[in-house]
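Colleague: 3D, please:
(one chain, ligands or ions: 1)
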Amino acid sequence: MAITDKIYVKNHRQLSSQLETNIPKGAFKGATLDMLFQGEGLEKLDDATRDRVLDFTQDFLDCSCDNNPYCGCPERKFMTYLLELRAEGLGPDAIVDVMTDDYMVYAYSGDVLSFLDNAVRTLEAAEGLARVDGAEEKHDEIRRAKRNLER
Ligand SMILES: [Zn+2]
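Modeller: Numbering: from 1, shown residues only. Sure, this is the predicted structure:
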């Protein structure tokens, strides 16, 4: 399961009741994305909640693909966001705190940790391949990305 399947809406029940509809707990579930994408009923939310929901929409659902929000961009962008937080030196617990502050979503820090571990392994594999190819520049770039993650 991808990390984005394990990102949950904080205060999910409260949000559902403000919206007067039942949205799934998973932030990247189809029905949640639909609700966010269409922006239906968002005016019923309190200000603090609405700001975060709108930030989430702007930051992750803003692509112009025909099948938005089902194009995979939201998930990809969210993973990039997690990797950027890691590159800033944040650990899994801090990353969860920041995503809650930013977007009112949360994850279990263990899930974030395994996502980061996998990302490092993927980069290691890419690093090995680049070395085989003799692509020095690519190799350095990957090694830098990996060092950022491990820091
Ligand atoms: Zn897209």
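
Colleague: Please list all residues in contact with the spatially closest residue to residue 112 that is not a sequence neighbour.
Modeller: Counting by CB to CB, 6 or more residues apart in numbering, residue 92 is the residue found nearest to residue 112 once chain neighbours are left out, at 4.1 Å. C-beta here means a position set from N, CA and C on the backbone, and glycine is covered the same way. With contacts defined as CB atoms under 8 Å, 6 or more residues apart in numbering, the neighbours of residue 92 are 109, 110, 112, 113, 116.

Colleague: swap in residue 119?
Modeller: With contacts defined as CB under 8 Å, 6+ apart, residue 119 is in contact with 83, 86, 149.

Colleague: Do I have it right that the second one meets residue 115?
Modeller: The reference is to residue 86. No. Here residue 86 lies out of contact with residue 115, judged by CB atoms under 8 Å, at a distance of 9.2 Å.

Colleague: which of the contacts of residue 119 are buried?
Modeller: The neighbour-count criterion (16 or more other CB atoms under 10 Å) marks 83, 86 among those as buried.

Colleague: sorry, back to before: what separation is there between the residue nearest to residue 112 and residue 42?
Modeller: As for residue 92, its distance to residue 42 is 30 Å (criterion: CB to CB, to the nearest Å).

Colleague: same question, residue 78
Modeller: To residue 42, residue 78 is 20 Å away according to CB to CB.

Colleague: who has more neighbours, the two?
Modeller: residue 78 (22 against 16; other CB atoms under 10 Å).
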